[in-house]
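Asks: Give me a 3D structure for the following:
(one chain, ligands or ions: 1)
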Amino acid sequence: MISIKDLSKVFQTKDQEVRAVDDLSLTIDKGEIFGVIGYSGAGKSTFIRLLNRLEDPTGGNISVDDQDLTAMNKNQLRIARQEIGMIFQHFNLLWSRTVFDNIAFPLEIAGVSKQERKNRVNELIDLVGLSGRGNSYPSQLSGGQKQRVGIARALANNPKVLLCDEATSALDPETTDSILDLLVDINEKLGLTIVLITHEMHVIRKICHQVAVMEDGRIVEQGDVLDVFLHPKQKVTKRFVDQVMGDPEKEHSLQLINDKYQTGEILRLHFVGERTNQALISDVSRKFEVDVNILHGKITQTQKGAYGTMFVQFVGEKNEIDRAVQYIESTSVEVEVSPSV
Ligand SMILES: Nc1ncnc2c1ncn2[C@@H]1O[C@H](COP(=O)(O)OP(=O)(O)OP(=O)(O)O)[C@@H](O)[C@H]1O
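Replies: Coordinates of the predicted model:
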């Protein structure tokens, strides 16, 4: 769907050359929610602006649906851009226009008739959950509502790709979640490919299928969100994973657990997929003669299922504990008995 090859952007300032994007290659599949995460200065904004040529590359190619964006002239680019919607951190709405007229704007530019515009805008207002607010002005809306207008406007021309430039960074955590839910909803309903940049791992965890970690203009790690969460390789990736998970073993030393709970058996459960912790724990207590105490842990949900670590204590006959452990081993949950410090 999107194929990026050897993409570079060099900014020439008075006294130095900045390689904001440095020889970057990436493939993004159709229908995917693809997140790029990095700290400030990593080159994320430059990267996403290159994807619709708001920024012209110094080198390399970008193809969307086998169309080479980098080879297009202005006129071809104008048409191609109708297939690529974009939303921004600070919404970029037209303040003197109503919600309705903001969303209608790209349709006016595309030469869509008045009646068709009206139908399409009303449809979009409903899709983003702003029914009844068509006549409001942006200044009368909350941050979350403004971003909903931004999303509706970006979707007006039925794009195949939606680019999100730190779309939730200006919003509080609850509003962030509702906007992220809306993006997932749109991705599922419309089969839209979404590329987002962020510095928040929470955003990646909650909605992305794939993640790329960016540092100094390059992708230093990339993969399935769950895989990257489970096996972060680079230091920078580990720091991002710690942002949402903390490190359960650091926070609560195993030694402490072992000292405190000396009866039964201590187990470390590692959730890596579909099963939720509640289902497994209640299954075990129902099926076997063991008491299960949850001691400590953190499980989080990603688009590909639950993941995280949990420490539990099983109390009961050794025989029953062994059977319960065998049962857990037959599931997707990894189990370690008497984990070492
Ligand atoms: N127009 C420009 N002229 C010169 N240097 C630039 C320009 N735009 C970006 N840069 C430089 O390119 C590098 C990458 O910047 P970019 O804004 O893409 O990073 P970022 O990861 O999006 O960070 P932030 O989230 O802080 O915007 C930085 O060193 C920045 O100073």
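Asks: Off-centre distance for stretch 167-181?
Replies: Distance, stretch centre to chain centre, for stretch 167-181: 12 Å (Cα atoms, centre = their mean, to the nearest Å).
Asks: Can you pull out the residues in contact with that stretch?
Replies: Stretch 167-181 has contacts (Cβ atoms under 8 Å, 6 or more residues apart in numbering) with 87-91, 142-144, 147-148, 150-151, 183, 196, 198-200, 202-203, 206-207. Where you see a C-beta, it was placed from the backbone N, CA and C, and this is true even at glycine.
Asks: can you check stretch 220-239 too?
Replies: Applying Cβ under 8 Å, 6+ apart, the external contacts of stretch 220-239 come out as 26, 35, 38-39, 204-205, 208-215, 240-241, 245, 272-273, 300, 302-305, 307.
Asks: Now intersect those with the strands, please.
Replies: Assigned to strands by DSSP state E, the following of these qualify: Leu26, Gly35, Gln210, Val211, Ala212, Val213, Met214, Glu215, Thr300, Thr302, Gly305, Tyr307.
Asks: Just the buried residues of those residues.
Replies: Leu26, Gly35, Gln210, Val211, Ala212, Val213, Met214, Glu215, Thr302, Tyr307 (16 or more other Cβ atoms under 10 Å).
Asks: now, which of those residues sits nearest Gly134?
Replies: For those, the closest approach to Gly134 (Cβ to Cβ) belongs to Gly35, at 31.6 Å.
Asks: Correct me if wrong: that closest one contacts Met214.
Replies: No. Using Cβ atoms under 8 Å, Gly35 is not in contact with Met214, being 10.3 Å away.
Asks: So which residues of the stretch 101-250 of the chain form helices?
Replies: Along the stretch 101-250 of the chain, counting by DSSP state H, counting those that start in this stretch, helices occupy 114-127, 143-155, 173-190, 201-207, 225-230, 235-245, 248-251.
Asks: For the third one, buried residues please.
Replies: By that I understand helix 173-190. In helix 173-190, counting by 16+ other Cβ under 10 Å, buried: Thr175, Thr176, Asp177, Ile179, Leu180, Leu182, Leu183, Ile186, Asn187.
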